[in-house]
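Asks: no sequence for this one, just the structure:
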């Protein structure tokens with residue numbers, strides 16, 4: 001069993017290293033933005049990429065015109081979504097600025113104020129009904145927390161949409177730049193080069209994803225095998241391994257406590273990195289366990305030093 005596991009880990013490690021070397025050989029750091037843009041467009045609109053790869057100098061103007069028009073529609077949709085995001089953000093800011101003294105006044109004026117605040121909101125009635133359910137200032141914090149979680153999801157979607165919109169327009173602009181070339185031969189050469197670049201960007205992006213996934217798989221296999229053999233050794237001799245069992249149980253309890261107390265709040269950095277609430281919770285749990293383990297290690301070092309000093313004096 002151990003030999004089979006070692007062989008699996010060794011093979012996966014070799015494959016991962018080969019793919020990593022292949023990617024490093026083809027990767028150009030200066031073109032990182034191009035890699036990301038090509039990947040984003042291919043993930044969201046593979047039909048567009050396929051159409052571009054099949055484009056010839058003769059039908060390039062038609063390609064640019066079609067996708068320029070669709071790009072304008074995407075931009076208008078993005079603007080509409082930004083309006084919805086900004087309305088919710090303004091609403092949350094207003095609620096966060098309320099105090100116990102100003103809350104009654106805001107509550108009394110809300111029916112009239114909400115007409116202007118949510119004039120362009122798609123979910124105006126939902127927000128009006130939501131605030132109507134806030135009976136007192138003490139209930140406001142829970143309601144605002146719900147709105148902030150909703151805003152985090154909306155902003156994440158908006159960032160994804162904005163990133164795609166930017167990548168989409170970048171590809172169209174590059175195609176349009178080639179289309180503006182006067183010389184037919186130069187246009188054909190530039191188009192072929194751009195098509196080759198886009199194809200390489202996408203293939204390299206896929207290679208990177210495979211390399212990363214294999215790396216994660218290898219790491220997961222090592223952790224699982226480590227836990228498996230550790231538990232096997234402990235269970236085979238429970239009487240002498242009870243301390244190890246206590247450590248494992250304590251670790252599991254720490255992770256559980258860390259997850260319970262971890263904040264689900266989507267911070268600006270978490271939103272930018274497109275983390276979900278669950279991911280944020282697990283990150284918080286990991287940080288909690290790390291800090292506890294670090295504090296325990298420091299305490300153990302100090303205790304050992306003091307203990308040795310006392311023993312030496314004796």
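Replies: Thanks, I have it. All figures in this text were calculated on a predicted structure; none of them were measured in a lab.

Asks: pLDDT score for residue 270?
Replies: In this model, residue 270 is scored at 58, pLDDT.

Asks: and the next element down the chain from the helix or strand bottoming out on mean pLDDT in the chain?
Replies: Least confident helix or strand of the chain, by mean pLDDT, DSSP states H and E, is helix 268-272 with a mean of 56. Next in sequence after helix 268-272, counting helices and strands by DSSP states H and E, comes helix 277-313.

Asks: List the buried residues in that next one.
Replies: Buried residues in helix 277-313, counted by 16 or more other C-beta atoms under 10 Å: 280, 281, 282, 284, 285, 288, 289. Just so you know, the C-beta spots here come from the backbone N, C-alpha and C atoms, and that holds for glycine as well.

Asks: Then stretch 148-160?
Replies: 148, 150, 151, 152, 154, 155, 156, 158.

Asks: Now intersect these with the helices, please.
Replies: Counting by DSSP state H, the part of the buried residues of stretch 148-160 found in helices is 148, 150, 151, 152, 154, 155, 156, 158.

Asks: Max pairwise distance over the buried residues of helix 277-313: which two?
Replies: Farthest pair in the buried residues of helix 277-313 (C-beta to C-beta) is 280 and 289. Separation: 15.3 Å.

Asks: circling back: lowest-confidence member of the buried residues of helix 277-313, which is it?
Replies: Scanning these for pLDDT, the low point is residue 280. It has 71.

Asks: Now do the helices in the stretch 151-300 of the chain.
Replies: Ranges of helices in the stretch 151-300 of the chain, per DSSP state H, counting those that start in this stretch, are 184-236, 242-261, 268-272, 277-313.

Asks: lowest-confidence stretch among the ones you listed?
Replies: helix 268-272 (a mean of 56).

Asks: State the pair within the ones in helices among the buried residues of stretch 148-160 that is farthest apart.
Replies: 148 and 158 (15.0 Å).

Asks: can you put the buried residues of stretch 148-160 in JSON lines and add distance to residue 51?
Replies: As requested, those are exported to JSON lines (distance: C-beta to C-beta, whole Å):
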{"residue": "148", "distance to residue 51": "41"}
{"residue": "150", "distance to residue 51": "36"}
{"residue": "151", "distance to residue 51": "36"}
{"residue": "152", "distance to residue 51": "35"}
{"residue": "154", "distance to residue 51": "31"}
{"residue": "155", "distance to residue 51": "31"}
{"residue": "156", "distance to residue 51": "29"}
{"residue": "158", "distance to residue 51": "27"}
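
Asks: Looking at these, spot the one nearest residue 255.
Replies: Nearest member of the buried residues of stretch 148-160 to residue 255, counting by C-beta to C-beta, is residue 152, at 23.9 Å.

Asks: State the distance from the closest one to residue 92.
Replies: Separation of residue 152 from residue 92 (C-beta to C-beta, to the nearest Å): 11 Å.

Asks: and what of residue 235?
Replies: 52 Å.

Asks: Who has more neighbours out of those two?
Replies: Under the criterion of other C-beta atoms under 10 Å, the comparison of residue 235 against residue 92 puts residue 92 first, with 15 against 10.

Asks: Provide a list of residues in contact with the more buried one.
Replies: Residues near residue 92 by C-beta atoms under 8 Å, 6 or more residues apart in numbering: 144, 147, 148, 151.

Asks: My guess is the second one contacts residue 93. True?
Replies: No. Under the criterion of C-beta atoms under 8 Å, residue 147 lies out of contact with residue 93, with a separation of 10.5 Å.

Asks: how many other residues sit next to residue 39?
Replies: For residue 39, the count of nearby residues is 18 (other C-beta under 10 Å).

Asks: ditto for the one 5 residues further on
Replies: Taking other C-beta under 10 Å as the criterion, the count of residues near residue 44 is 17.

Asks: quick one, what contacts it?
Replies: 164, 168.

Asks: mind running it again at 6 Å?
Replies: Contacts for residue 44 were tallied using C-beta atoms under 6 Å, 6 or more residues apart in numbering; they are residue 164.

Asks: Pull up the gap between it and residue 164, please.
Replies: 5 Å.

Asks: Distance of the residue nearest to residue 157 when sequence neighbours are not counted relative to residue 87?
Replies: Distance criterion C-beta to C-beta, 6 or more residues apart in numbering; nearest residue to residue 157, sequence neighbours excluded, is residue 81 at 7.7 Å. Using C-beta to C-beta, residue 81 is found at 11 Å from residue 87.

Asks: Tell me which of these two has more neighbours.
Replies: residue 87 (19 against 16).

Asks: The nearest residue to the more buried one once chain neighbours are set aside - how many residues pack around it?
Replies: The shortest distance from residue 87 to any non-neighbouring residue, by C-beta to C-beta, 6+ apart, is to residue 121 (4.9 Å). Number of residues near residue 121 (other C-beta under 10 Å) recorded here: 17.
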